[in-house]
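Novice: Output the structure for:
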Amino acid sequence: MKNKIYIAIICALSVVLAVSTDFIIKHYYDSVKQAKLYDNLIEVVETQPDETQNLYPGISGAIPPKQ
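Specialist: Residues are numbered from 1 along each chain as shown. Just a heads-up that it's a prediction; the model follows:
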């Protein structure tokens, strides 16, 4: 009788361990994926021109003159 209880407890703990390990592994892979996406985003932002600079020198503001 005691052996059946111990086996049931060991099985339950094994399932909890397996599920926890699965969540940890998924979290690790998601972190790696997010880091890669963040690095790609940094590259895109660094290659884009600075939008805060004045595109029309001699005219205050970035609004083009009317023609």
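
Novice: At the geometric centre of the chain, which residue sits there?
Specialist: Most central in the chain under C-alpha atoms, centre = their mean is Q34, positioned 2.8 Å from the mean C-alpha point.

Novice: and the helix or strand where it lies, what does it pack onto?
Specialist: Using DSSP states H and E, Q34 maps to helix 2-47. Here helix 2-47 touches no other helix or strand, going by 3 or more C-beta pairs under 8 Å, 6 or more residues apart in numbering; DSSP states H and E. Heads up, the C-betas are built off the backbone N, CA and C, glycines and all.

Novice: tell me the mean pLDDT over it?
Specialist: For helix 2-47, mean pLDDT is 93.

Novice: Which residues does stretch 18-28 contact?
Specialist: By C-beta atoms under 8 Å, 6 or more residues apart in numbering, no residue outside stretch 18-28 reaches it.

Novice: Now do the buried residues in it.
Specialist: By neighbour count on 16 or more other C-beta atoms under 10 Å, the buried set for stretch 18-28 is empty.

Novice: Could you tell me how far the helix holding Q34 lies from the centre of the chain?
Specialist: 14 Å (C-alpha atoms, centre = their mean, to the nearest Å).

Novice: circling back to that earlier point, which residues does the residue nearest to the centre of the chain contact?
Specialist: Listed by C-beta under 8 Å, 6+ apart, Q34 has no contact partners.

Novice: any idea how far it is from L17?
Specialist: When distance is defined by C-beta to C-beta, to the nearest Å, Q34 is 26 Å away from L17.

Novice: Thanks again, I'm all set now.
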